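S.K.: 3D model of this:
(one chain, ligands or ions: 2)
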Amino acid sequence: MITRKLFFRFPKSEIEKPIVYHLVKDYDLIINIFRARVTDNKEGYMVLDVTGEEESIERGVEFVRAFGVAIDPINKGVRWIEDRCTHCTNCIAHCPTNALHIDDRKTMRVTFTEELCVECLNCLSNCPYGACTSAF
Ligand code: SF4
Ligand code: SF4
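M.R.: Ligands and ions are numbered 1, 2, ... in the order given. Reported below is the predicted structural model:
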C-alpha cells in the first residue's frame, strides 16, 4: 500500500459527479480529503491523500482524468517557496505536523516536507514573507 497526495481541478461540468465515491467503491482506495472548494466560476479544487495498491491508484487516476479532471503534480494545495523564505522560523510553532521544520540547529534553516502537510493553512497567516501559499 502506498499513499499519494493529489490535487484535482474539476471543470464546471463535473463538480457534482460522485467521483470520490467511485474511487473508494470501484478502486478500493482510502481517501483523505484535506481541502475542497468550488470557486465563484464553478470550478472545483480538491487536495487529497489517496491510499491503496499502486496499480489501483494508477487506475483510479485514469478514471478521474476521463472526466476532464486535471491532476496537477506540482501545485498540491500549500506550497513553500524556498526563495521567499528568510528562515525567520516564525511558522515553526504554528505548524502542527512538523511539515515546516528545522533539520540542523546549527544553520537554523527551515525546510518543508510536503508529505507531512495536512493543509491546515496556519503557515499562510504566520509567514511574514509570503513564502507559504495556497491555491485556496
Ligand atoms: S498548511 Fe499547516 S501543516 Fe501544512 S505546512 Fe502549513 S502549518 Fe504546516
Ligand atoms: S515564517 Fe515564512 S519566512 Fe519565516 S521561516 Fe517560515 S516560511 Fe520561512
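
S.K.: longest helix in the chain, please.
M.R.: Using DSSP state H, we find that the single longest helix of the chain is helix 54-65.

S.K.: quick check: which helices or strands does the helix or strand that comes right after that helix pack against?
M.R.: Counting by DSSP states H and E, the next helix or strand C-terminal to helix 54-65 is strand 70-71. Helices and strands touching strand 70-71, by 3 or more C-beta pairs under 8 Å, 6 or more residues apart in numbering; DSSP states H and E, are strand 2-10, helix 54-65. In short, each C-beta sits where N, CA and C put it, glycine included.

S.K.: partners of strand 70-71 in the sheet?
M.R.: If you go by DSSP bridges, strand 70-71 pairs up with strand 2-10 (antiparallel).

S.K.: show me which positions of the partner strand end up buried.
M.R.: For strand 2-10, a neighbour-count test (16 or more other C-beta atoms under 10 Å) marks 4-10 as buried.

S.K.: C-terminal to it, what's the next element?
M.R.: Counting by DSSP H and E, the next helix or strand C-terminal to strand 2-10 is helix 19-27.

S.K.: run the angle between that next one and strand 2-10 for me.
M.R.: Using axes from the mean of the first three to the mean of the last three C-alpha atoms, to 10 degrees, the direction of helix 19-27 lies 140 degrees away from that of strand 2-10.

S.K.: show me where pLDDT drops low in the chain?
M.R.: Residue ranges of the chain with pLDDT under 70: 73-76.

S.K.: give the buried residues for stretch 9-20.
M.R.: By neighbour count on 16+ other C-beta under 10 Å, the buried set for stretch 9-20 is 9-10, 15, 19-20.

S.K.: so which of those is the closest to ligand 1?
M.R.: Here the nearest of the buried residues of stretch 9-20 to ligand 1, counting by C-beta to the nearest ligand atom, is Arg9; it sits at 19.1 Å.
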